[in-house]
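# Requesting a structural model of the entry that follows:
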Amino acid sequence: MQATIHNEFLTLTVDTHGAEAVSLKNAAGEEMLWQADPAIWKRHAPILFPWTGKLTGGTFTANGKTYKGGQHGFARDMEHTLLRAEGDTIQLELRSNAEIKAQRFPFDFVLTSTFRLEGKTVHHTLTVQNPAEAAQELRFGIGYHPAFNVPFDSAHTTEDYEFRFDQPESPMILDASPNGLLSGRCYYQWKNASAIQLTDDLFANDSFCMAGLRTKTLGIYEKDTGRSVVCNVAGYPYTLIWSAPAKPVRYVCIEPWHALPGAETDPQEWSERAATACLAPGQQWETTLSTTFDR
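Predicted coordinates for the structure are as follows:
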C-alpha cells in the first residue's frame, strides 16, 4: 500500500513495504528519486535497521542462538503499518513480533518512520523504542540510504555534477573492500576539498564511507545552474556516497549512518558489536534526515 502527501513544491509517495519513499516529484512533475530499475539497483530510499552494512560471516549470535542476516538489516524488506497519512505527514510503524524474534532478531523494538514536508524539504525521522515491557536491552544500528536521480534533465551529463561540502573537508575513508566488511584500514581520498567531482568511474570500487565530517550539509549540485539536492548530515558520525557501477551514472546516494558494517575481526556476539544506541526497557532514541530539493 502507498500513501501520498504534497505541498506547493513537493509530492511524496511512501510505500508501506519497507516504509520506503518511492517517489518524490517537484512542482513541475519531475521525478527526483531513483525509480528502482532492477537491472541497476532495485531500491529507492531504504531504511537500514537494525544494522547497517554487512554482518561478519553473515550471522550474529544472541542468547546462545545464531541468526542469519543480510545486508542492511531487515526493516527495508518488511511490511510496516501505516499510522497516519494526512496534511504534510506520513507515519508508519514496525514492531517486533514472535516471528521476527524467532527468525531474525530476538529483541523487542518499535521502529517509527515519520515523513514531513516543509517547503522544499523532506524531514524523515526514525524513532526507535525499547518497549517498557521488554526484558532485555535493545542494541541496534541505523542509517539512511536515499537515491537521487542524476542527471536532473537530458541536457546534462555525469560530469556536470559534483558533491559539495559546506566547508573544506579531508574526510577519513574507512576501508571496507573487497567484501563490504571493515578491514581496519583507513585513508584520505581527498584533502581540503570543498567538492568531489562526479564521474562514471567514481564508484568503480564501491562506496566511500567518510568519518569525522565537520560539514553540516552534503549535496549533489548541478554546476552550471546551481540546482541541487542537499542533505543535512550534521550529527552523523558517518556519511557514505555511492552509486551502482553502471555507466553512465543514473543516480547517487548520500547515506548518513549512525553505525558501521561489521569488521573482518568482529566477534559473533551481538552485544559485542558497536551499536548506534543501547536502550534499556522504556527508553527511546531518534534521528532525522532533512533533505532539501532545490530543483
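# C-alpha only now, for contacts and for neighbours.
OK.
# Each with direction, which strands does the longest strand belonging to the chain pair with?
Ranked by residue count under DSSP state E, the longest strand found in the chain is strand 284-294. Paired strands of strand 284-294, with direction, are strand 121-129 (antiparallel), strand 228-232 (antiparallel) (DSSP bridges).
# Please convert those to TSV, extending it with mean neighbour count and mean pLDDT.
As requested, the strands paired with strand 284-294 are exported to TSV (neighbours: other CA atoms under 10 Å; pLDDT from 0 to 100):
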stretch	mean neighbour count	mean pLDDT
strand 121-129	20	98
strand 228-232	21	98
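# what's stretch 198-205 in contact with?
Under the contact criterion CA atoms under 8 Å, 6 or more residues apart in numbering, stretch 198-205 has outside partners 158-163, 177, 242-249.
# Repeat the analysis, applying 10 Å as the threshold.
With contacts defined as CA atoms under 10 Å, 6 or more residues apart in numbering, stretch 198-205 is touched by 157-163, 177-178, 196, 208, 220-221, 241-250, 252.
# Reformat the strands paired with strand 284-294 as CSV; add distance to residue 43.
Putting the strands paired with strand 284-294 into CSV (distance: least, CA to CA, whole Å) gives the following:
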stretch, distance to residue 43
strand 121-129, 17
strand 228-232, 18
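# Residue 278 and residue 140: what is the separation?
7 Å (CA to CA, to the nearest Å).
# Mutual contacts of the two, please.
Jointly contacting residue 278 and residue 140 under the rule CA under 10 Å, 6+ apart are residue 271.
# more crowded one of those two?
Set residue 278 next to residue 140 and count neighbours by other CA atoms under 10 Å: residue 140 wins out with 24 against 17.
# Can you list the buried residues in stretch 165-177?
Across stretch 165-177, burial judged by 16 or more other CA atoms under 10 Å covers 165, 168, 169, 170, 171, 172, 173, 174, 175, 176.
# What of stretch 182-191?
Residues of stretch 182-191 classed as buried: 182, 183 (neighbour count, 16+ other CA under 10 Å).
# so how far does that stretch reach from one end to the other?
22 Å.
# do stretch 66-76 as well
21 Å.
# I'd like the distance from that stretch to the chain centre, please.
Distance, stretch centre to chain centre, for stretch 66-76: 15 Å (CA atoms, centre = their mean, to the nearest Å).
# same check, this time on stretch 288-295
On CA atoms, centre = their mean, the centre of stretch 288-295 falls 13 Å from the chain's centre.
# Pull stretch 251-270 out as CSV, backbone CA atoms only.
Output of stretch 251-270 as CSV, limited to C-alpha atoms (Å, rounded to 0.1, in the frame of the first residue of the first chain):
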residue,chain,number,x,y,z
TYR,A,251,21.6,8.1,-9.5
VAL,A,252,23.7,9.0,-6.5
CYS,A,253,23.2,8.0,-2.8
ILE,A,254,24.0,10.2,0.1
GLU,A,255,23.8,8.0,3.2
PRO,A,256,24.1,9.3,6.8
TRP,A,257,24.6,6.4,9.2
HIS,A,258,24.8,6.1,12.9
ALA,A,259,26.6,2.8,12.7
LEU,A,260,29.1,0.8,10.6
PRO,A,261,29.3,-2.5,8.8
GLY,A,262,30.8,-5.4,10.6
ALA,A,263,34.6,-5.7,10.7
GLU,A,264,36.5,-8.7,9.5
THR,A,265,37.6,-9.4,13.0
ASP,A,266,34.3,-8.8,14.8
PRO,A,267,33.0,-11.4,17.3
GLN,A,268,29.7,-13.0,16.5
GLU,A,269,28.0,-12.0,19.8
TRP,A,270,25.5,-9.2,19.2
